[in-house]
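S.K.: Coordinates only, no sequence provided:
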Ligand SMILES: CC(=O)[C@@H](O)[C@H](O)COP(=O)(O)O
Ligand SMILES: NCC(=O)COP(=O)(O)O
C-alpha cells in the first residue's frame, strides 16, 4: 500500500499572508499525523515565502513520522539539511518568480553538481530523492548520479486539458516507473494530485509514496484537516 506524505506548505502560506503566528504548519503536521499521514513534506524555499527555518527545526524535533525536506541543491540548503538531518531530502528545481514548482530537475545538465550534493546528503544519513519529469533520459541519469529514490513530477498529467492528453501523460508516468524500478530506484510521485485525479495514478500500483499538499490543505479549509487527510489516505490505499 502506498504511503501518503502530506505537504503543509500552504498552511504556512496563510500564516505568512498576515505575518502572524497562525496557522502553524507544525500544528497542521501533528494533526495530519494523527489522521494517518505516513510522512510530512515541507519545501524550504530560498525566498522563504511560506515554510520558515523554524518550522523545519520544530518538525524535526516533534514529528513521529518521517520528514521529507524539499529544497534546491544550493550550499545554503545542503548545510541546513546536514544540520537538521530530515529523513529524506527531495531535491527540486526553484525559480524565484514561479507560483509553484514548474517542472522536474534537469539531472542531465547538472549531473556533476547533483552527484556531489547527493553524496554529501547520504554521508549525513539522509535518504535522497530527485524530483524529475517522467522522462527516460532524466530517469537514467538520476540513477547514474546515485539517488536512492525519484519523485515523478505528476504536474503535466494533472494539468492535461483532455482525457486523451491525460492518458498520454499517464502512459509516460507508467513507463518512467518501469524504468526506475528496473534499475532499482524507489519511486514516489507528486505535484498537482487531487481527490479526482489520483485514482488512475494509484491504479498503476507500484508508487511507494505520494506527496500531496495543495489539494489536501484546500479541502481542509472546508471540511477540516482530519477529514481531508483521512479521505486522501483512503484514496492512496487504492
Ligand atoms: C516539488 C513539488 O512538487 C512541490 O512540493 C512544490 O515544490 C511545493 O512547493 P510550493 O508549496 O511552493 O508549491
Ligand atoms: N512534491 C509534491 C508535493 O509535495 C505537493 O505538491 P502539491 O500537492 O502541493 O502540488
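M.R.: Everything's here; your move. Note that the coordinates shown come from a computational prediction; the quantities given were computed from them, not determined experimentally. Ligands and ions are numbered 1, 2, ... in the order given.

S.K.: mind checking the SS state of the most centrally placed residue in the chain?
M.R.: By C-alpha atoms, centre = their mean, the mean C-alpha position of the chain lies nearest to residue 211, the distance being 4.6 Å. Following DSSP: H, G, I helix; E, B strand; the rest coil, the label given to residue 211 is strand.

S.K.: Nearest spatial neighbour of it, chain-adjacent residues omitted?
M.R.: Spatially, and ignoring its direct neighbours in sequence, residue 211 is nearest to residue 190 (3.6 Å; C-beta to C-beta, 6 or more residues apart in numbering). The way it works is simple: take the backbone N, C-alpha and C, and place the C-beta from them, glycine included.

S.K.: residues in contact with that neighbour?
M.R.: Going by C-beta atoms under 8 Å, 6 or more residues apart in numbering, residue 190 touches 5, 7, 41, 131, 151, 152, 153, 154, 210, 211, 212.

S.K.: Tell me which of the residues you listed fall in strands.
M.R.: The members of the contacts of residue 190 that map onto strands under DSSP state E are 5, 7, 41, 131, 151, 152, 153, 210, 211, 212.

S.K.: Bridged to the last one, which residues?
M.R.: Right, the one you point to is residue 212. residue 6 (DSSP bridges).

S.K.: Among the contacts of residue 190, which ones lie close to ligand 1?
M.R.: Among those, the ones lying near ligand 1 by C-beta under 6 Å from any ligand atom are 7, 131.

S.K.: Considering the contacts of residue 190, which possesses the most neighbours?
M.R.: Tallying neighbours with other C-beta atoms under 10 Å puts residue 151 at the head of the contacts of residue 190, with 31 neighbours.

S.K.: Just list whatever residues bridge to that one.
M.R.: residue 131, residue 188.

S.K.: pLDDT score assigned to it?
M.R.: Model confidence at residue 151, expressed as pLDDT, equals 98.

S.K.: Isn't it up against residue 189?
M.R.: Yes. Residue 151 is in contact with residue 189 according to C-beta atoms under 8 Å; the separation is 6.4 Å.

S.K.: Mutual contacts of the two, please.
M.R.: residue 211.

S.K.: Take the contacts of residue 190 and lay them out in a markdown table including distance to ligand 2.
M.R.: Formatted as a markdown table, the contacts of residue 190 follow (distance: C-beta to the nearest ligand atom, whole Å):
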| residue | distance to ligand 2 |
| --- | --- |
| 5 | 7 |
| 7 | 4 |
| 41 | 4 |
| 131 | 6 |
| 151 | 6 |
| 152 | 10 |
| 153 | 8 |
| 154 | 8 |
| 210 | 8 |
| 211 | 4 |
| 212 | 4 |
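
S.K.: Get me the contact residues on this protein for ligand 2.
M.R.: 7, 41, 151, 190, 191, 192, 193, 211, 212, 213, 214, 215.

S.K.: And these, which two are furthest apart?
M.R.: Using C-beta to C-beta, the residues of the chain next to ligand 2 span at most 16.4 Å, a distance reached by 151 and 215.

S.K.: helix, strand or coil for the closest residue to residue 81 other than its chain neighbours?
M.R.: Closest residue to residue 81 apart from its sequence neighbours, by C-beta to C-beta, 6+ apart: residue 89 at 5.1 Å. Residue 89 falls in the strand class when you classify it by three-state DSSP.

S.K.: any chance you could read off phi and psi for the residue nearest to residue 211?
M.R.: Phi and psi for residue 190, reported as degrees, to the nearest 10, are phi 180, psi 170.

S.K.: can you check residue 158 too?
M.R.: phi -70, psi -30.

S.K.: give me the number of residues near it?
M.R.: For residue 158, using other C-beta under 10 Å, the count is 19.

S.K.: Settle this for me: it is touching residue 195, isn't it.
M.R.: No. Using C-beta under 8 Å, residue 158 makes no contact with residue 195, being 11.8 Å away.
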